[in-house]
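[1] Below are the sequence and a predicted model; questions follow.
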Amino acid sequence: MKIGNRDIGPNHPPLVIAEIGINHGGDLAVAKEMVRLAAGAGCEMIKHQTHIIEDEMTEEAKSIFPPNADVSIWHVMERCALSLPEEAELKRYTESLGMIWISTPFSRAAADFLETLDVPAYKIGSGEADNLPLIRHIARKGKPVILSTGMQTIETIRASVAILDAAGIDYALLECTNLYPSPPEIVSLRGVSDLREAFPKAVVGFSDHSIGPEMALASVALGACILERHYTDTRYRKGPDIINSMDPAELRHLIDRSKEIWIAASNPKQRTAPEEDVYRFARGSVVADADLPAGHVIAEADIWARRPGSGEIPAYDFDKVVGKRLQRAVTRNTQLKWGDLTASGGFQE
């Protein structure tokens with residue numbers, strides 16, 4: 001999968017997406033400052049939310065209050081949405097700093113507006129993960145899609161994935177839990193593995209609403225190629241998503257540590273070249289555990305393995321020494337050599 005100039009998949013470091021969302025509270029200047037600080041933290045991709053409220057909701061939304069807000073969902077978005085010209089400016093500014101800008105359209109009109117901005121990909125949020133007409137409308141645009149799968153099961157998401165497959169576009173599926181914040185009791189890291197198994201054509205990632213970076217980092221070891229977290233310039237701001245948002249320092253931490261985990265997760269179990277010097281002193285060599293005379297047939301109690309590993313007979317060959325006859329006398333802690341030993345019947349004067 002490729003978005004802009006960024007290759008995404010198991011053979012590439014995880015893509016960390018900083019979701020500004022509505023954390024700017026409808027203030028373009030604040031949004032730009034968030035973007036500037038994200039760039040300084042090494043971020044590659046900013047995700048926004050595009051809300052054209054009249055096409056997104058009906059009047060009934062004015063009486064629906066989200067669990068993490070004290071006003072209706074209509075009024076949350078009315079207060080926090082950027083105007084369309086402001087959103088275009090935010091995209092321009094983000095790209096001027098060398099980052100990729102994408103957004104989540106919450107309506108057909110929002111998707112059509114984003115197409116006028118020539119976005120390189122579309123994000124579909126968990127709330128729209130089973131909105132088949134909207135997914136079909138977005139898929140027809142022929143751009144890559146990142147689809148969050150919160151509040152869904154493997155079975156309920158199949159129809160949406162089928163639309164993406166039929167459109168012939170690249171897509172990613174993100175494991176997600178839609179409670180803000182999400183406690184570990186309901187977060188599913190296993191969902192990353194389940195998505196990989198159920199949808200082998202998909203790039204799989206993790207959209208995190210927990211507090212702290214731990215869940216997102218853990219998902220990398222399970223194969224997550226995309227990490228998405230809410231982001232803010234400071235957690236002292238007010239807003240429904242601030243509590244589970246990372247700041248620039250945590251963003252930098254997530255970028256750096258996820259890359260390290262991705263590297264380590266791909267390494268096979270083996271002794272590496274840099275470990276050889278350690279191995280030479282850390283392992284044991286077979287030594288005499290008492291003063292032993294020439295001609296003595298070695299019993300298990302006569303020998304032991306001690307550091308360093310510079311001896312000729314390593315500890316893993318301990319059992320091969322038992323029953324051999326000594327060709328010469330040795331003192332306690334002498335590192336034994338194969339030339340010191342013969343078969344028990346083979347002693348020579």
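    Looks like it came in fine.
[2] now for the helix or strand bottoming out on mean pLDDT in the chain, which elements pack on it?
    Of all the helices and strands that make up the chain, the one with the lowest confidence by mean pLDDT, DSSP states H and E is helix 73-80; it has a mean of 86. Counting contacts by 3 or more C-beta pairs under 8 Å, 6 or more residues apart in numbering; DSSP states H and E, helix 73-80 packs against helix 53-56. No exception for glycine: its C-beta is placed from N, CA and C like everyone else's.
[3] Going by residue numbers, what spans are strands in the stretch 201-349 of the chain?
    203-208, 226-230, 285-288, 303-306, 325-326, 341-342 (DSSP state E, counting those that start in this stretch).
[4] distance of the one residue sitting closest to the centre of the chain from residue 287?
    Relative to the mean C-alpha position of the chain, the nearest C-alpha, by C-alpha atoms, centre = their mean, is the one of residue 220, at 2.9 Å. For residue 220, the distance to residue 287 (C-beta to C-beta, to the nearest Å) stands at 44 Å.
[5] Look at the residue nearest to the centre of the chain and report its pLDDT.
    Model confidence at residue 220, given as pLDDT, is 98.
[6] do residue 239 as well
    Reported pLDDT at residue 239 in the predicted model: 87.
[7] separation between it and residue 227?
    As judged by C-beta to C-beta, residue 239 and residue 227 stand 21 Å apart.
[8] More neighbours: which of these two?
    Between residue 239 and residue 227, counting by other C-beta atoms under 10 Å, residue 227 is the more crowded of the two (24 against 19).
[9] show me the contacts for that one.
    Taking C-beta atoms under 8 Å, 6 or more residues apart in numbering as the definition of contact, the neighbours of residue 227 are 14-17, 205-206, 208, 216, 219-220, 254, 258.
[10] Next, the contact list for the closest residue to residue 137 other than its chain neighbours, please.
    Beyond its immediate neighbours in the sequence, the residue positioned closest to residue 137 (C-beta to C-beta, 6 or more residues apart in numbering) is residue 108, lying 5.4 Å away. Taking C-beta under 8 Å, 6+ apart as the criterion, residue 108 is in contact with 55, 133-134, 137.
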